[in-house]
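Undergrad: can you look at this prediction? I've put the sequence above it.
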Amino acid sequence: MEGNTEILNQNKNLLENQLTPNNNTVLHVAAQFGHIQSVMEILNMCPSMYRKVNSRGDTSLHIAAREGHSIIVRALIEYANALDEELENGVGTAKDMMRMSNEVKDTALHEAVRNHHPIAVQLLTQEDPEFCHPANDAEETPLYLAAERGYVGLVFVILETCTGPAYGGPGGRTALHSAVIHNLEGCTRKLLQWKPALSKEADAYGWTPLHYAARFGYVLRARDLLNADKSVAYIADKDDKKTALHLAASQGHVRVIEELTSHCMDCWEIVDGRGQNMLHIAVKYGKKGAIKFILQNFPLSSLINQKDVDGNTPLHLLAASDCYEAGLVKHPKADMMAFNNDSLTPLDVVCSNKSVEPWNTKLQGFTKRNFTNAGANLGRRDVFSRDKDEIVTKERHHVLEKVLPTDIRRSADTHLIVAALITTATFVAGFTVPGSYDTRQGLDHGTAILARKAAFKAFVITDFMAIIFSTTAMLIYFVVAGDSDRDKFLRHHTSAYYLIVIAVGAMVLAFITGMYAVLAHSLGLAIALCVIGCLSFPVNYFLLRKA
């Protein structure tokens, strides 16, 4: 560990038999700690030690490359080359050493790339440019590792030095897949320049790099891939037969949809394994932005009214979902009387939607009204089956109305705790008022010192509002706690929720006005606290809307 060469000289006859618990030789140890002098001495004393491996199958070159000791990597390569010249056998000792793999099939280059040691990578690739550097047991090639970890410089070194490096990775992915997944501009373009055909190579799922660019919404990466070979836009995956356009539609990535359709004007015609086009998929996943873009740019009857394997048009899927997009319902080319394989029109689907729970019937009614206003009609082709379905649906709703979901019960319990905390805090604040009480004898004895200040009056009013609204919410939960009427409970639960929200707002205002009242002599600080406190309202509003 200290690199003491004198000790090595004194024990040179024992060097080959000196091993650590992991079967590391003294050369392994010297390489690990970067002692170049010790490495050279050991090699002179024991020429064959450079090929010895430890319990993991690592040579000293593996160790030096992993630790990034490029001077030792260079010394080991030069020593192996000198050994070739001395023996005059042309066996290629240096190349043989660099191609050795450990028990997980990692070469020294794997170690250098994984640990990001550019100089070591340069030395190893320059010495053996013809070697392909195959994958290890984890199916990782050095080139794939460099791309996956974002080591763009190492990708450039390998591609510019090696004549035919392997580029595969786990799951059938290539280095280009990895570069696109991690949105690496330089790496993607370099790989495409090196081997344009990589854009068409699919992984084990049948996904090309363009599928991943579409899935993650990487517009520029999609553009790079399409510029290299636009035919990749027509490649479908293995299982669902989805193209990159279908994936972009499912995620609502409008800019990627625009990029794909601008390069390949007819790719919108492609359907997936279920016969669904990009509008079907955008509707199915509720991506309103994508729906609007498609309708604006592709107002075609053959797209809007195309049927999938179940006979459903995009309008049927919209009717069956919680997503409502007026642009599709009111589109002049939308066929309101299209029948699916169950003899249902879109309005039939709305009316017979069995997935709608009793507490969500308002949404169903809203959708039904909008479909009716747009000119939709009931198909009434299979009246008998529909009558039977109505009976089953009503029975099902009757049973469900008697059961209150546990998540709503838990939500009510949480709201009750919040209301109790607000009541406690505002009650205490009402009797420990800002500025305290007047203790002097006289007419004002026992009254609040700041009672005549406007800020204090605002504090009293907002504190009183908070306690009234929170106690009202508590009373509502107390009254309906044992009520088994589902609809009644949900109505009261919603009312109590809004009361608690108002109480929280009033409590925040009480705190702001109370602080302003006691800090009136420090106006700058008082105003700063008021501004910070008031900023919480738009933030909380945004969070509530998002929730």
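TA: Thanks, I have it.
Undergrad: if you average pLDDT over the top helix by length along the chain, what comes out?
TA: Looking across the chain with DSSP state H, the single longest helix is helix 486-518. The predicted model assigns helix 486-518 a mean pLDDT of 83.
Undergrad: count residues in the vicinity of residue 512, would you?
TA: Using other CB atoms under 10 Å, residue 512 has 22 neighbouring residues. No exception for glycine: its C-beta is placed from N, CA and C like everyone else's.
Undergrad: could you do the one 5 residues further on as well?
TA: The local packing of residue 517 (other CB under 10 Å) involves 24 other residues.
Undergrad: would you mind measuring from it to residue 508?
TA: To residue 508, residue 517 is 15 Å away according to CB to CB, to the nearest Å.
Undergrad: circling back: show me what counts as buried in whichever helix or strand comes after the longest helix of the chain.
TA: Toward the C-terminal end, the helix or strand that comes next after helix 486-518 (DSSP states H and E) is helix 523-546. Within helix 523-546, the residues scored as buried using 16 or more other CB atoms under 10 Å are 526, 529-530, 533.
Undergrad: not counting sequence-adjacent ones, nearest residue to residue 229?
TA: residue 199 (5.1 Å; CB to CB, 6 or more residues apart in numbering).
Undergrad: contact partners for that neighbour?
TA: By CB atoms under 8 Å, 6 or more residues apart in numbering, residue 199 lies in contact with 176, 192, 208-210, 225, 228-229, 232.
Undergrad: between those residues, which is nearest residue 347?
TA: residue 210 (38.4 Å; CB to CB).
Undergrad: thinking the closest one is in contact with residue 233, fair?
TA: Yes - Residue 210 is in contact with residue 233 according to CB atoms under 8 Å; the separation is 6.6 Å.
Undergrad: where does the stretch 1-150 of the chain have low pLDDT?
TA: For the stretch 1-150 of the chain, applying pLDDT under 70 flags the ranges 1-16, 85-91.
Undergrad: okay, the residue nearest to residue 229: pLDDT?
TA: Reported pLDDT for residue 199: 97.
Undergrad: gap between it and residue 470?
TA: For residue 199 relative to residue 470 (CB to CB), the value is 61 Å.
Undergrad: got a list of what the residue nearest the centre of the chain touches?
TA: The structure's the chain has its C-alpha centroid closest to residue 216; by CA atoms, centre = their mean the separation is 8.6 Å. Applying CB under 8 Å, 6+ apart to residue 216 gives the contacts 181, 183, 251.
Undergrad: would you map out the domains in this structure?
TA: Annotated domains of the chain cover 1-135+145-163, 406-546 [automatic domain parsing].
Undergrad: export those domains as JSON lines, with columns for distance to residue 188.
TA: As requested, the domains of the chain are exported to JSON lines (distance: least, CB to CB, whole Å):
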{"stretch": "domain 1-135+145-163", "distance to residue 188": "9"}
{"stretch": "domain 406-546", "distance to residue 188": "33"}
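Undergrad: quick one: which of the ones you listed is nearest residue 317?
TA: The closest of the domains of the chain to residue 317 is domain 406-546. By CB to CB, the value is 25.5 Å.
Undergrad: give the buried residues for stretch 494-514.
TA: 496-497, 499-514.
Undergrad: please read the previous query as pertaining to stretch 467-486.
TA: 467-474, 476-477, 480, 486.
Undergrad: tell me the least confident of those residues?
TA: Across the buried residues of stretch 467-486, the bottom pLDDT score, 66, is held by residue 486.
Undergrad: what ranges do the helices span in the stretch 201-350 of the chain?
TA: Applying DSSP state H, counting those that start in this stretch to the stretch 201-350 of the chain gives helices spanning 209-216, 219-228, 244-251, 254-263, 278-284, 288-297, 301-304, 314-320, 326-329, 346-351.
Undergrad: with distance to residue 36 added, can I get the ones you listed in JSON lines?
TA: Listed next are the helices of the stretch 201-350 of the chain as JSON lines, based on distance: least, CB to CB, whole Å:
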{"stretch": "helix 209-216", "distance to residue 36": "43"}
{"stretch": "helix 219-228", "distance to residue 36": "43"}
{"stretch": "helix 244-251", "distance to residue 36": "52"}
{"stretch": "helix 254-263", "distance to residue 36": "52"}
{"stretch": "helix 278-284", "distance to residue 36": "61"}
{"stretch": "helix 288-297", "distance to residue 36": "61"}
{"stretch": "helix 301-304", "distance to residue 36": "69"}
{"stretch": "helix 314-320", "distance to residue 36": "69"}
{"stretch": "helix 326-329", "distance to residue 36": "71"}
{"stretch": "helix 346-351", "distance to residue 36": "77"}
